[in-house]
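Peer 1: output the structure for:
(one chain, ligands or ions: 2)
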Amino acid sequence: MTMTILGYATHAPADDLGPFRFERRDQRSNDVVIDILYCGVCHSDIHNARNDWGGAVYPMVPGHEIIGRVASVGVNVTRFKVGDKVGVGCMVDSCQHCAACQKNLEQYCAEGSTFTYNAIDRHDHMPTYGGYSERIVVSDKFVLKVPDGLDLAGAAPLLCAGITTWSPLRHWKVGKGSKVAVVGLGGLGHMGLKLANALGAEVTLFTRSPGKEQDARRLGAHHVVLSTDAAQMHAINGRFDLIIDTVPYIHDINPYIPTLSIDGTLVLVGYLGGLEPMLNSAPMILGRKSVAGSLIGGIAETQEMLDFCGQHGITSDIELIKMQDINVAYQRMLKSDVKYRFVIDMASLSAK
Ligand code: NAP
Ligand code: ZN
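Peer 2: Ligands and ions are numbered 1, 2, ... in the order given. Predicted coordinates:
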């Protein structure tokens with residue numbers, strides 16, 4: 001029996017989101033059914049809802065920063081029981097047998113991982129719908145355990161903003177003595193500052209917004225550089241081992257390359273597409289510098305990040321909103337007016 005679920009959906013790129021009833025798939029033997037308590041609002045939700053990346057399928061229920069409680073488990077599920085606090089991020093399934101999946105890199109699954117929304121379930125071919133809804137059904141391998149002691153609403157953004165910044169920090173082996181910079185202080189950026197700081201790095205924020213300096217320092221930055229100020233940019237030539245660029249739109253990355261050290265890497269996580277103006281290879285060649293990209297993180301790595309956050313008491317700085325406020329939240333996010341993540345209180349969905 002499929003179940004009828006209430007959520008919030010958009011029906012076209014220019015539409016607002018509104019209430020929508022839809023069918024979730026049957027619970028399979030390895031599935032966990034989760035009552036959703038909180039869902040973070042990621043800038044990717046806006047990109048997808050507006051079809052910025054192409055391939056949008058409507059109606060679309062966004063949301064991939066999900067925290068909830070287990071409502072029931074399939075007969076083959078052993079790792080979870082009813083009542084457990086759990087999380088779900090950007091993926092709900094993958095092929096499980098390709099080289100990437102074998103290496104716990106499900107996000108790079110050769111057959112394409114199944115995204116939490118705007119995708120098709122690989123077994124019963126029903127559309128996937130995301131976390132702006134009351135319940136979700138997820139294969140147990142893609143369900144995360146939420147450590148005790150973490151505020152549940154503040155933990156929701158860890159499932160995407162957290163892991164997307166954690167994964168490059170780990171891949172490029174950031175630790176004590178590393179010099180790390182984050183470009184853009186939004187949802188991903190503020191998690192990048194917190195996580196890099198907790199890993200022991202010296203942390204710098206690049207921002208266009210002079211008003212964010214005090215917050216950046218509170219969130220873990222040791223230095224703040226106004227990226228629009230050429231003198232400030234010049235003063236930090238050759239400094240960083242790793243720069244994590246979270247800017248969601250096309251922007252000039254050339255000014256950041258000279259700030260990398262020899263062998264330094266700028267990893268793009270925010271913008272998906274062709275770069276303009278053209279990337280100048282000279283500063284890269286003259287310092288063996290790299291420009292790279294990174295997509296969320298694997299499931300084991302996501303659990304590692306959640307456990308680290310549990311040990312260090314790290315959650316996101318959030319503004320809790322009602323489901324009904326989602327369209328205003330999107331508008332505010334587009335103006336960078338959020339400190340630093342909206343999280344939907346899902347109890348509001350059914351409230352009169
Ligand atoms: P967000 O909360 O809106 O933050 C983005 C920040 O970037 C802003 O706060 C702003 O910081 C800066 N910014 C915005 N527009 C800019 C522009 N035109 N030029 C320069 N800087 C600008 O967004 P988010 O949720 O952190 O997501 C960031 C991006 O990452 C989105 O594109 C999202 O789709 C993507 N994403 C990627 C992955 C992945 O796996 N790779 C995962 C999740 C999200 P300042 O005011 O400090 O400059
Ligand atoms: Zn996201």
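
Peer 1: so how far is M60 from A9?
Peer 2: 6 Å (C-beta to C-beta, to the nearest Å). Backbone N, C-alpha and C define where each C-beta goes, glycine included.

Peer 1: mutual contacts of those two, please.
Peer 2: Residues within reach of A9 and of M60 at once, by C-beta atoms under 8 Å, 6 or more residues apart in numbering, are Y129.

Peer 1: more crowded one of those two?
Peer 2: Using other C-beta atoms under 10 Å as the criterion, A9 and M60 rank with M60 on top: 28 against 22.

Peer 1: now the helices for the stretch 201-350 of the chain?
Peer 2: Secondary structure of the stretch 201-350 of the chain (DSSP state H, counting those that start in this stretch): helices located at 213-219, 230-234, 282-285, 299-312, 326-334, 347-350.

Peer 1: mind putting the ones you listed in TSV, mean neighbour count included?
Peer 2: Output for the helices of the stretch 201-350 of the chain, formatted as TSV (neighbours: other C-beta atoms under 10 Å):
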stretch	mean neighbour count
helix 213-219	17
helix 230-234	12
helix 282-285	13
helix 299-312	19
helix 326-334	17
helix 347-350	14
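
Peer 1: now those helices in CSV, with mean pLDDT and distance to ligand 1?
Peer 2: Formatted as CSV, these follow (pLDDT from 0 to 100; distance: least, C-beta to the nearest ligand atom, whole Å):
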stretch, mean pLDDT, distance to ligand 1
helix 213-219, 98, 8
helix 230-234, 96, 14
helix 282-285, 97, 20
helix 299-312, 98, 12
helix 326-334, 98, 5
helix 347-350, 95, 21
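
Peer 1: which residues of the stretch 1-150 of the chain score low on pLDDT?
Peer 2: For the stretch 1-150 of the chain, residues meeting the criterion pLDDT under 70 lie at 1.

Peer 1: kindly export stretch 33-41 (C-alpha atoms) in CSV.
Peer 2: Extracted in CSV, the C-alpha atoms of stretch 33-41 (Å, rounded to 0.1, in the frame of the first residue of the first chain):
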residue,chain,number,x,y,z
VAL,A,33,9.8,5.1,7.3
ILE,A,34,10.6,8.5,8.9
ASP,A,35,8.3,11.1,10.4
ILE,A,36,10.0,14.4,9.4
LEU,A,37,10.5,16.9,12.2
TYR,A,38,12.7,19.4,10.5
CYS,A,39,14.0,20.1,7.0
GLY,A,40,16.7,22.6,6.1
VAL,A,41,16.4,24.9,3.1
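
Peer 1: domains for the chain, by residue range?
Peer 2: Listed by automatic domain parsing, the domain ranges of the chain are 2-160+317-350, 161-293.

Peer 1: so what's the residue of the stretch 151-300 of the chain found nearest ligand 2 up against?
Peer 2: Across the stretch 151-300 of the chain, no residue is closer to ligand 2 than C160, which sits at 3.2 Å (C-beta to the ion). For C160, the contacting residues are 40, 42, 44, 64-65, 89-90, 296, by C-beta under 8 Å, 6+ apart.

Peer 1: show me which of those residues neighbour ligand 1.
Peer 2: When contact is defined as C-beta under 6 Å from any ligand atom, those meet ligand 1 at 42, 44, 296.

Peer 1: tell me the one of those nearest M305?
Peer 2: Using C-beta to C-beta, I296 comes nearest to M305 of those, at 10.5 Å.

Peer 1: isn't that closest one right up against S94?
Peer 2: No. Contact criterion C-beta atoms under 8 Å: I296 and S94 do not qualify, at 11.9 Å.

Peer 1: could you pull up phi and psi at the residue of the chain found nearest ligand 1?
Peer 2: Nearest residue of the chain to ligand 1 (C-beta to the nearest ligand atom) works out as G186 at 1.7 Å. G186 adopts backbone torsions of phi -120, psi -150, taken as degrees, to the nearest 10.

Peer 1: give me the neighbour count for it.
Peer 2: Residues near G186, counting by other C-beta under 10 Å: 25.

Peer 1: show the contacting residues for it.
Peer 2: Neighbours of G186 in contact, by C-beta under 8 Å, 6+ apart: 43, 246, 248, 333, 336, 338, 340.

Peer 1: on that earlier part again, want to throw the domains of the chain into TSV with distance to L306?
Peer 2: Listed next are the domains of the chain as TSV, based on distance: least, C-beta to C-beta, whole Å:
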stretch	distance to L306
domain 2-160+317-350	6
domain 161-293	8
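
Peer 1: ligand 2 contacts on the stretch 151-300 of the chain?
Peer 2: Proximity of the stretch 151-300 of the chain to ligand 2 (C-beta under 5 Å from the ion) is limited to residues C160.

Peer 1: next, count neighbours for H97.
Peer 2: Close neighbours of H97, defined as other C-beta under 10 Å, add up to 11.

Peer 1: to clarify, my last question referred to K173.
Peer 2: As a burial measure, K173 scores 10 neighbours (other C-beta under 10 Å).

Peer 1: for it, give its distance to L242.
Peer 2: According to C-beta to C-beta, K173 stands 9 Å off from L242.
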